[in-house]
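Undergrad: Sequence below, structure please.
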Amino acid sequence: QVQLVESGGGLVQAGGSLTLSCTASGRTFSNYAMGWFRQAPGKERESVAAISPRGFITRYTDSVKGRFTISRNNAKDTVYLQLNAMKPEDTAVYYCAAGSGATLKIDEYPYWGQGTQVTVSS
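TA: Here you go, the predicted structure:
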């Protein structure tokens, strides 16, 4: 079992930046691919970014390419999501998840954190 705790959410103005963190415990962090997902009010959860266990492979959903960056520090058991040039439509609860492959498919991540709220004002 992997336990995940997100942090770093908050309120930011459009065009601003934010860094989310997700710290893992319970199993060897470097064995897992990690993903970031988000869910806006009234909408389904969607993928944002994914990173392979060693960090060599990253994937992004089209709407965040060039604005968001996923990274990880296996020595700190932490994955990050840097959000730049933020837009009001980025407002959502952001979740990190652990799985076996760096995929953007939600169903392939069995372990999830509780989420952190990100709100972008216009």
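Undergrad: Now do the residue most central in space within the chain against residue 89, distance only.
TA: Note on the chain: the residue nearest the mean C-alpha position is residue 36, at 2.4 Å, using C-alpha atoms, centre = their mean. Distance, residue 36 to residue 89, by C-beta to C-beta, to the nearest Å: 16 Å. Using the backbone N, CA and C atoms, a C-beta is placed for each residue, glycine as well.
Undergrad: Hmm, residue 104 is touching residue 47, no?
TA: Yes. Between residue 104 and residue 47 there is a contact under C-beta atoms under 8 Å: 3.9 Å.
Undergrad: anything in contact with each of the two?
TA: Contact criterion C-beta atoms under 8 Å, 6 or more residues apart in numbering; residues shared by residue 104 and residue 47: 35, 61.
Undergrad: Tell me where the model's unsure across this structure.
TA: For the chain, no stretch has pLDDT under 70.
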